[in-house]
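# Let's see this in three dimensions:
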Amino acid sequence: MKLVRFLQKLANESVILETKNEMSIQGTIVGVDMSMNTHLKNVKVTRKNASAPIGMDHLTVRGSSVRCILLPDSIPLDTHLIDDAPKKAKAAAGRGGKGRGFGNRGRGGAARKRR
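Residues are numbered from 1 along each chain as shown. Okay, the predicted model is just below:
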């Protein structure tokens with residue numbers, strides 16, 4: 001299972017998110033997109049050298065700036081870690097069945113039949 005798929009299942013969970021620039025963000029996950037951008041509500045942001053946290057209604061944290069996400073102990077990990085996404089069947093390797101495009105044409109030149 002991909003990490004992003006797991007994080008998407010954590011909607012409405014309260015987490016602590018730490019960023020690469022030494023900020024600690026506590027809030028409730030609203031959603032996570034495929035770039036791991038995390039959308040939070042009821043947020044408290046604490047900077048490294050600041051004494052009081054800053055409160056916000058909503059905040060989006062860019063996925064590339066996330067260092068780690070601390071989960072509460074109350075989350076049932078065994079149910080969240082089950083991969084329930086449908087499996088995709090592998091498609092044929094190209095239209096000609098040999099993975100080289102159409103018919104028996106190879107690279108450049110006239111078509112040649114290989115034995």
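# Tell me the buried residues in stretch 44-58?
Counting neighbours by 16 or more other Cβ atoms under 10 Å, one finds that the buried residues in stretch 44-58 are 44-46. Placement of C-beta: from N, CA and C, glycine included.
# Where do the strands of this protein begin and end?
14-19, 24-32, 38-46, 54-61, 66-70 (DSSP state E).
# Within the sheet, what are the partner strands of the first one, with directions?
Put plainly, it is strand 14-19. strand 24-32 (antiparallel), strand 66-70 (antiparallel) (DSSP bridges).
# right, and these - which one's nearest Leu40?
strand 24-32 (3.5 Å; Cβ to Cβ).
# quick one: low-confidence parts of this structure?
1, 78-80, 83-87, 89-115 (pLDDT under 70).
# can you point me to the longest helix in it?
For the chain, the helix that runs over the most residues, judged by DSSP state H, is helix 3-8.
# re earlier: take the buried residues of stretch 44-58 and write them to JSON lines, including distance to Lys2.
Putting those into JSON lines (distance: Cβ to Cβ, whole Å) gives the following:
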{"residue": "Lys44", "distance to Lys2": "28"}
{"residue": "Val45", "distance to Lys2": "27"}
{"residue": "Thr46", "distance to Lys2": "29"}
